[in-house]
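Novice: okay, structure incoming, though there's no sequence with it:
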């Protein structure tokens, strides 16, 4: 009716209507899924796993086309590796779906239950959230992981994967849709907005009242864009400026393998360590050992003045050592690079971490009880590790099964998000005519 | 540096800086409170309660000025009643603070704990959220309730109460600040942005990274404005288009007092019933009974055609009966008015409710087991009551102590928000040098 022009960045109205309609069909289908018992859901997931194995060739063929195009457009090696979805990875992903099927069903779990003084029986039970939207980069295994976690927890999923994986995702979703239909569930339960491209993602962010929860997963830019712009509730995931603090009480020999594992076991993941803080009392002894071990793994070091001088004096060769600049302390490198800093006390370490961390994971290496207690209590992050690698922050490692992502926010879910984090609760009061006085 | 004009609705930059600074001081103070043990926090709360009693005269005198100004400006009776904070209400509010002190401390509660296969010990424990912002209307008791709940759960509170209560809130916060200082806590723990007026509220919504959670409490307009505009995570509270469904299996005699209680025991509250759905099989018998009982309590009825004809034919006098229009079904009246509709089936009732409810509280009045099971499972609201008044949706009634508000969203908290809902969790992994293979 109105003839005023829409703002320049408003999503196309037709796309918005269609994405809302996709979400509403998903919501309609979800009301049936929410009532399905665990047996039916587990059979569905096992059948999806079987179908992924059976059609692995088709999916891998679609992936070959995506890979060729991505390679041709100059995609970097790390991204190409994440985009790759060959028969072997498809089999591993299918196994992950069977693992999710084997996990306990969170739906219906009684969180609290009591009788009220007036005789009413009050239950708080877990129920699905509803329609979960996921915006992620070109990693086809995420498509399957998210579908499995959402279906098991009684939720519908609406997906926007990275453009580079569109053929792979389409082939994967086709397989899942066929199994859903075969098992009497609506294919609308696992929907995609990929055909709408970027406008689809924008429309998901605007679909308040249609989508219940939006989870971005990927680089810091993607996540911040969704957090800033979404009208739908968002769970912020993934950014990890992860610290390891070596206390003066640390077992220094034990510290080296933990630091190497945290920094180098896998680079470019959110739970990899990025910063090393060392107590001044052990810096002169420990930093040359640590620097030599890290140098052997080709890790570049960005050190504050005090750490630089100690390491530089040790004459380690070859070694890529530079002075850190202020922005290093806030940077998630996602590379073979580590910031190194000497701190004068445990409290200085805690203050530095709480000021610069993204709230993902921090570790303390120490043998002193009081230092460990103080660190674990005062560090304000989703996960605190004591004498263990930060790489353990992972839904699978924590026994939650596959994970939807790692929440770095405090609302709703914090840390690895498994099935339970994909539920909300409902209170039910059973009375016999009670009224309030 | 840039000379471009700020958008018209951008908060004043100076106010934003100052509100951010208030939040940062609150966060700094909160790190100490987070470490306080329950004993210290309970003593603090008891002392606040005592001080409120001791200074009730000063607070009531400030409230008299607020009341006089509000009366002079033509504030309606309902709002004036909520603004009133005389000695008696102050005493009741102080008692509420002692009740919060007596509740179990959620901080440190172990939510999950297990040993991982690699020998690490993994704990998930409750920790405070951090800095909680509250934007609410002119109800001075909320100031005290929020302060008590936040302090007990280890959080700092930043408040923006309604303009009409500014003198009362200032007098109340002065009392609380003195007790905080006396007990070795920073007065920054319970801060206000009232001196900044509306700009203060806007700045709170923009204070992402400074304020961890924002809870609006008040009318639908206030809540929607905060939900739409806040960059800080929000919990949506309070709007209640509450339904009661009378099944064909209902004990009709028992139904009348429940409906009267839900509609009229207190008008203008979010858990009061707004809509009455009646199964067609009992409509002819039940609606004249219900309409007569409601008419006696001066409740106006807005009925669909079928309900209208049944009630109209009953010749009840006096009775304010009108035809409902479509928007009635989505309206929270907060008044002595009720929408009435005949439904052909349980499923029609469920579909109508899920389409029109705000997700607060719905009730079924029924004796049939299967109908009750189906209703409680399929209704998508925070609370479902069976044969009991919707007025029981309340933190106090649920045994949670005072409540911060009633969440109608699905993320983080759903239903009455007590102490536990003011916490998040932290994972702590205790290892002995474990690394990831």
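Specialist: Now that the structure is in, tell me what you want to look at. Remember, predicted model here, so these are calculated numbers, not experimental data.

Novice: go ahead and list the helix or strand containing residue A:228.
Specialist: Element membership of residue A:228, judged by DSSP states H and E, is helix A:220-229.

Novice: who's in contact with that helix?
Specialist: A:135-137, A:202, A:205, A:214, A:216-217, A:234, A:236-239, A:332, B:231 (Cβ atoms under 8 Å, 6 or more residues apart in numbering or on different chains). Yep, even glycine has a C-beta here, placed from its N, CA and C like the rest.

Novice: report the buried residues of that helix.
Specialist: A:220, A:222-223, A:225-227 (16 or more other Cβ atoms under 10 Å in any protein chain shown).

Novice: residue A:420 is in contact with residue A:149, correct?
Specialist: No. Contact criterion Cβ atoms under 8 Å: residue A:149 and residue A:420 do not qualify, at 10.5 Å.

Novice: same drill for the two, tell me which one is more crowded.
Specialist: Taking other Cβ atoms under 10 Å in any protein chain shown, residue A:149 and residue A:420 do not tie; residue A:149 has more neighbours (29 against 17).

Novice: so how far is chain B from that one?
Specialist: 16 Å (Cβ to the nearest Cβ, to the nearest Å).

Novice: again, but for residue A:399
Specialist: According to Cβ to the nearest Cβ, residue A:399 and chain B sit 7 Å apart.

Novice: neighbours of that residue, how many?
Specialist: Count around residue A:399 with other Cβ under 10 Å applied: 15.

Novice: residues in contact with the residue nearest to residue A:120 when sequence neighbours are not counted?
Specialist: Counting by Cβ to Cβ, 6 or more residues apart in numbering or on different chains, residue A:120 lies nearest to residue A:431, which is 4.5 Å off, once chain neighbours are set aside. For residue A:431, the contact set (Cβ under 8 Å, 6+ apart) comprises A:118-121, B:385-389, B:392.

Novice: kindly recompute the last result at 10 Å.
Specialist: A:116, A:118-122, B:258, B:363, B:365, B:385-389, B:392 (Cβ atoms under 10 Å, 6 or more residues apart in numbering or on different chains).

Novice: off-centre distance for stretch A:170-185?
Specialist: 25 Å (Cα atoms, centre = their mean, to the nearest Å).

Novice: can you tell me if that stretch touches chain B.
Specialist: No. Using Cβ under 10 Å from any Cβ of the partner chain, stretch A:170-185 never reaches chain B; the gap is at least 16.8 Å.

Novice: which of the residues in that stretch are classified as buried?
Specialist: Buried residues in stretch A:170-185, defined by neighbour count with 16+ other Cβ under 10 Å: A:170-173, A:175-177, A:179-180, A:185.

Novice: where's the residue in the stretch 201-350 of chain A positioned nearest to chain B, which helix or strand?
Specialist: Nearest residue of the stretch 201-350 of chain A to chain B: residue A:261, at 3.6 Å (Cβ to the nearest Cβ). Of the helices and strands defined by DSSP H and E, residue A:261 is found in helix A:252-264.

Novice: for residue A:44, same thing?
Specialist: Going by DSSP H and E, residue A:44 is in helix A:38-54.

Novice: list the contacts of residue A:33.
Specialist: Taking Cβ under 10 Å, 6+ apart, one finds A:26, A:40-41, A:44, A:107, A:128, A:150-156, A:180, A:185-186, A:189 in contact with residue A:33.

Novice: distance of it relative to chain B?
Specialist: Counting by Cβ to the nearest Cβ - residue A:33 and chain B are separated by 12 Å.

Novice: excluding its backbone neighbours, what's nearest residue A:149?
Specialist: Excluding its sequence neighbours, the residue lying closest to residue A:149 (Cβ to Cβ, 6+ apart) is residue A:404, at 5.4 Å.

Novice: what do you get for residue A:59?
Specialist: Leaving aside its chain neighbours, residue A:59 sits nearest to residue A:171 (4.6 Å; criterion: Cβ to Cβ, 6+ apart).

Novice: all helices of the stretch 1-150 of chain A, in order?
Specialist: Per DSSP state H, counting those that start in this stretch, the stretch 1-150 of chain A carries helices over the ranges A:13-33, A:38-54, A:56-72, A:77-83, A:87-102, A:140-152.

Novice: now do the second one against helix A:87-102, angle only.
Specialist: Meaning helix A:38-54. Angular relation of helix A:38-54 and helix A:87-102 on a 0 to 180 degree scale: 180 degrees, by axes from the mean of the first three to the mean of the last three Cα atoms, to 10 degrees.

Novice: so for helix A:38-54, mean pLDDT?
Specialist: Mean per-residue pLDDT for helix A:38-54: 98.

Novice: cool, the fifth one as well?
Specialist: Across helix A:87-102, pLDDT averages out at 96.

Novice: report the buried residues of it.
Specialist: For helix A:87-102, by 16+ other Cβ under 10 Å, it's A:89-90, A:93-94, A:96-97, A:100-101.

Novice: one more: the second one?
Specialist: By neighbour count, and taking 16+ other Cβ under 10 Å as the criterion, the buried residues in helix A:38-54 are A:38, A:41-42, A:44-49, A:51-53.

Novice: just the shortest one next, same as before
Specialist: For helix A:77-83, burial by neighbour count (16+ other Cβ under 10 Å) applies to A:79, A:82-83.

Novice: what element comes up after the least confident helix or strand in chain A by mean pLDDT heading to the C-terminus?
Specialist: One helix or strand of chain A scores below all others by mean pLDDT, DSSP states H and E: helix A:220-229, with a mean of 86. Going down the chain from helix A:220-229, the next helix or strand is strand A:242-246, by DSSP H and E.
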